[in-house]
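Asker: pasted the sequence and its predicted model underneath.
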Amino acid sequence: MGVDNELKQELIKLPHYIEKGFVSEKLNANI
């Protein structure tokens, strides 16, 4: 249940990350 709760929080924050461009930065760092 703890993992599911964390996942929901991440999904809620996802649009905010995309707006700030954090997602693309993380993807570039992983490459």
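Answerer: Everything's here; your move.

Asker: for burial, what's the neighbour tally of residue 22?
Answerer: Counted with other C-beta atoms under 10 Å, residues neighbouring residue 22 total 13. All C-beta atoms are positioned from the backbone trio N, CA, C, and that covers glycine.

Asker: do you know the pLDDT at it?
Answerer: Predicted confidence (pLDDT) for residue 22: 71.

Asker: can I get the biggest helix by length in the chain as CSV, trimmed to CA atoms?
Answerer: Ranked by residue count, the top helix of the chain under DSSP state H comes out as helix 2-20. Output of helix 2-20 as CSV, limited to C-alpha atoms (Å, rounded to 0.1, in the frame of the first residue of the first chain):
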residue,chain,number,x,y,z
GLY,A,2,2.9,2.4,0.7
VAL,A,3,4.3,2.0,-2.8
ASP,A,4,0.9,2.6,-4.3
ASN,A,5,0.5,5.7,-2.3
GLU,A,6,3.9,7.0,-3.4
LEU,A,7,3.0,6.2,-7.0
LYS,A,8,-0.2,8.3,-6.8
GLN,A,9,1.8,11.2,-5.3
GLU,A,10,4.3,11.0,-8.2
LEU,A,11,1.5,10.9,-10.7
ILE,A,12,-0.1,14.0,-9.1
LYS,A,13,3.3,15.9,-9.3
LEU,A,14,4.0,14.7,-12.8
PRO,A,15,2.3,17.6,-14.7
HIS,A,16,4.2,20.1,-12.5
TYR,A,17,7.5,18.4,-13.4
ILE,A,18,6.6,18.5,-17.1
GLU,A,19,5.8,22.2,-16.8
LYS,A,20,9.1,23.0,-15.2
